[in-house]
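Novice: Sequence first, then the predicted structure:
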Amino acid sequence: MADNKGLTTRAADFSAWYNEVIARAELADYSPVRGCMVIRPNGYAIWEQMQRALDQMFKDTGHQNAYFPLFIPQSFLAREAEHVEGFAPEVAVVTHGGGKELDEPLIIRPTSETIIYAMYAKWIQSYRDLPVLINQWANVVRWEMRTRLFLRTTEFLWQEGHTAHATEAEAEEETLRMLGVYRTFMEQWMAMPVITGRKTDSERFAGALRTYSCEALMQDNKALQASTSHNLGQNFARAFEVTFQTASGDLDHVWSTSWGASTRLVGALIMTHSDDLGLVCPPRLAQYQVVIVPIYKTAEERATLLEASDRLRKELSGGGIRAHVDTREGMKPGAKYYEWELRGIPVRLEIGPRDIDANQCVLVRRDNRVKRTVSLDSIGEDVADLLNMIQTDMTVAAFERREANSHRESMDYDRFRQIMEGDGGFVYAGFCGSPECEQSIKEETKATIRVLPDEEFRSAETPTRCLKCGSKSVAEALWAKAY
Ligand SMILES: [Zn+2]
């Protein structure tokens, strides 16, 4: 491994490493307001790529974007009993505006169900108005006591989809469709494999009938909930009187869903792929996919190299590749290499005077640091192929790491405790369905049920006994310590 200039290694202290990567790669910074995060341009560029990809996927599945206000009347939150219980402790309240005390305090949205259903009650009258398929990109505030950049901050950016349907079956179909959209995005764009499944009641969204999520395993063997999709049943429709006339003339409440993913995904990306030299970003989400570093000594060489570099950049851009030329003066190529590695740029293209004479350049991969010399004649194709290969290799590496740290062997509780006290990871085991077993395991080991995995992720041999109490298992559960 090359000199990493004192960056804490993952093995030495994963949490310190994570914070240092974010600071040194200039992804985010701490705000003067405790618990809030400033997203710096290098971090925001990754979020923008994520937004673009997800937004297109939402539109391709029939959704439209809209925008609802930041402020919500405090009384709205109280209308859905579970919802208020779940969110009240972390809500920020505005009591004054324009120098006067407000008649009714306003909350700053921790999520937007309440204000959205208040509007849906006005907009939806008939079955002909359904389905309503709306998404919004917004910021939300949840007053967090223990915060970590990207993973848990008081204010964060996200999208929240809110849909209304005529039947329970349609709402369930939508809930699962969007879970699938997230999974596709995480696998194909983030190169991050996930396990999908349903949450147990204790981990369900406050006010939902059923919650589903995508769970990923980070390099420190802790799970990260990467997105959730909720079937809200008719709970919010009842609370906000969202009714519609059915085709047969009856009056019914709509069935609704909500689903969200946030800037937490940037944290997930960092902890899935990065190494002891800094960020490693999958090509499809990188701000720049290729950085061209011209190497020269004399003024004459400089002119030739800058001209050649710009030509290369144009050629790569023409093929849809995000390329950037590092033209900074007074900085040695080695220092530039170090910086772009720290920032996770997938491919570095080095070119010097002798390369120009030989009609070639050097490509260096960030993920495995393998170098190779290629001809300039086919540079566009070669770089495109290389980026695809990196994306695939990163996906495979993340998948193999997760599977190597997943336990599917038959499990007794002692062995389970050993794993959770030791290296951690995913453990698949039987579950009797009792909240008491779930709770006592959480208290004793800090591990929680991440999901009851969807069929394709379940073990070939179905566990028959509950991990904790030994009585009959009703579902295979995926356990891990989590962020
Ligand atoms: Zn049990």
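Specialist: Structure's in. What do you need? Residues are numbered from 1 along each chain as shown.
Novice: Wait, a helix at Tyr117?
Specialist: Yes. Looking at Tyr117 with DSSP: H, G, I helix; E, B strand; the rest coil, it is inside a helix.
Novice: thought it was touching Val242?
Specialist: Yes. Assessed by C-beta atoms under 8 Å, Tyr117 is found in contact with Val242 at 5.6 Å. All C-beta atoms are positioned from the backbone trio N, CA, C, and that covers glycine.
Novice: Can you pull out the low-pLDDT segments for the chain?
Specialist: Using pLDDT under 70 as the threshold, the predicted model of the chain has low-confidence ranges 1-2.
Novice: Contact distance from the ion - what residues of it qualify?
Specialist: Residues of the chain found near the ion, taking C-beta under 5 Å from the ion as the criterion, are 432, 434, 437, 466, 468-469.
Novice: how about a markdown table for those residues, with secondary structure, neighbour count and distance to Thr445 added?
Specialist: Formatted as a markdown table, the entries for those read as follows, by DSSP: H, G, I helix; E, B strand; the rest coil; neighbours: other C-beta atoms under 10 Å; distance: C-beta to C-beta, whole Å:
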| residue | secondary structure | neighbour count | distance to Thr445 |
| --- | --- | --- | --- |
| Cys432 | coil | 19 | 17 |
| Ser434 | coil | 14 | 16 |
| Cys437 | helix | 19 | 12 |
| Cys466 | coil | 22 | 15 |
| Lys468 | coil | 20 | 10 |
| Cys469 | coil | 16 | 15 |
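Novice: Overlap in contacts, Tyr117 and Val242.
Specialist: Taking C-beta atoms under 8 Å, 6 or more residues apart in numbering as the contact rule, Tyr117 and Val242 both touch 236, 256.
Novice: Counting neighbours, go ahead and name the busier of the two.
Specialist: Taking neighbours as other C-beta atoms under 10 Å, Tyr117 and Val242 compare with Tyr117 leading, 27 against 24.
Novice: Enumerate every residue touching the more buried one.
Specialist: Going by C-beta under 8 Å, 6+ apart, Tyr117 touches 162, 236-237, 239-240, 242, 256.
Novice: Repeat that for Thr445.
Specialist: Each residue near Thr445 by C-beta under 8 Å, 6+ apart is listed here: 416-417, 420-421, 481.
Novice: Can you give the contact residues for stretch 413-429?
Specialist: Applying C-beta under 8 Å, 6+ apart, the set of residues contacting stretch 413-429 from outside is 195, 217, 220-223, 402, 405-408, 411, 441, 444-447, 450, 453, 458-459, 463, 467-468, 476-481.
Novice: With stretch 255-262 instead?
Specialist: Contacts of stretch 255-262 with the rest of the structure, by C-beta under 8 Å, 6+ apart, involve 54, 111, 113, 117, 120, 156-168, 170-171, 174-175, 178-179, 182, 185, 205, 208, 226-234, 236-237, 242.
Novice: tell me the two of the contacts of Tyr117 that are most distant?
Specialist: The largest separation in the contacts of Tyr117, counting by C-beta to C-beta, is between His162 and Ala239 at 13.9 Å.
Novice: of the two, who's got more company?
Specialist: With other C-beta under 10 Å as the criterion, His162 and Ala239 differ in neighbour count, and His162 comes out ahead with 28 against 23.
Novice: does the more buried one count as helix, strand or coil?
Specialist: Assigned by three-state DSSP, the conformation of His162 is strand.
Novice: That one reaches Thr114, doesn't it?
Specialist: No. With contact taken as C-beta under 8 Å, His162 and Thr114 are classed as non-touching, separated by 10.7 Å.
Novice: Would you map the helices across the stretch 301-450 of the chain?
Specialist: Taking DSSP state H, counting those that start in this stretch, the helices of the stretch 301-450 of the chain run over residues 333-342, 353-358, 379-404, 413-421, 435-445.
Novice: got a list of what the nearest residue to Asp393 once chain neighbours are set aside touches?
Specialist: The shortest distance from Asp393 to any non-neighbouring residue, by C-beta to C-beta, 6 or more residues apart in numbering, is to Asp367 (6.3 Å). Taking C-beta under 8 Å, 6+ apart as the contact definition, Asp367 lies against 273, 280, 346, 390, 393-394, 397.
Novice: Can you tell me which of these are buried?
Specialist: The neighbour-count criterion (16 or more other C-beta atoms under 10 Å) marks 273, 280, 346, 390, 394, 397 among the contacts of Asp367 as buried.
Novice: Is the fourth one in contact with Arg284, as I believe?
Specialist: Put plainly, it is Ile390. No. At 9.7 Å, Ile390 and Arg284 do not qualify as touching, with contact defined as C-beta under 8 Å.
Novice: Next, work out how far apart Arg408 and the ion are.
Specialist: Distance, Arg408 to the ion, by C-beta to the ion, to the nearest Å: 19 Å.
Novice: who are the neighbours in contact with that residue?
Specialist: Contacts of Arg408 were listed using C-beta under 8 Å, 6+ apart, and they are 428, 459.
Novice: Could you tell me the phi and psi values at the residue of the stretch 51-200 of the chain found nearest the ion?
Specialist: Here the stretch 51-200 of the chain gets closest to the ion at one residue, Thr200, 11.9 Å apart by C-beta to the ion. Note on Thr200: backbone dihedrals following degrees, to the nearest 10 are phi -70, psi 170.
Novice: unless I'm mixing things up, it is touching Ile449, no?
Specialist: Yes. Under the contact definition of C-beta under 8 Å, Thr200 touches Ile449, with a separation of 5.1 Å.
Novice: quick one: which of those two has more around it?
Specialist: More neighbours sit around Ile449 than around the other of Thr200 and Ile449, counting by other C-beta under 10 Å; the figures are 24 against 19.
Novice: quick one: the more buried one and Asp201 touch, right?
Specialist: No. Applying C-beta under 8 Å as the test, Ile449 and Asp201 come out as separate, 10.3 Å apart.
Novice: what about Cys36, how many neighbours?
Specialist: By the criterion of other C-beta under 10 Å, Cys36 has 15 neighbours.
Novice: what's the spacing between it and the ion?
Specialist: 41 Å.
Novice: How about Ala268?
Specialist: Distance of Ala268 to the ion, computed by C-beta to the ion: 30 Å.
Novice: ok but that residue is inside a strand, no?
Specialist: No. Counting by three-state DSSP, one finds Ala268 to be helix, located in no strand.
Novice: dump the residue contacts of it.
Specialist: Going by C-beta under 8 Å, 6+ apart, Ala268 touches 190, 192, 216, 218, 224, 226.
Novice: does the fifth one sit in a helix, a strand or a coil?
Specialist: In this case it means Leu224. Applying three-state DSSP to Leu224 yields a three-state assignment of strand.
Novice: give me the beta-bridge partners of it?
Specialist: Assessed by DSSP bridges, Leu224 has beta-bridge partners Ala216.
Novice: filter the contacts of stretch 413-429 to the buried ones?
Specialist: Restricting those to buried positions leaves 195, 217, 220-223, 402, 405-408, 411, 441, 445, 447, 450, 453, 458, 463, 467-468, 476-481, with burial counted as 16+ other C-beta under 10 Å.
Novice: chain center to stretch 320-331: distance?
Specialist: The chain centre lies 28 Å from the centre of stretch 320-331; the measure is C-alpha atoms, centre = their mean, to the nearest Å.
Novice: Ends of that stretch, what's the gap?
Specialist: From the first residue to the last, stretch 320-331 extends over 29 Å; the measure is C-alpha to C-alpha, to the nearest Å.
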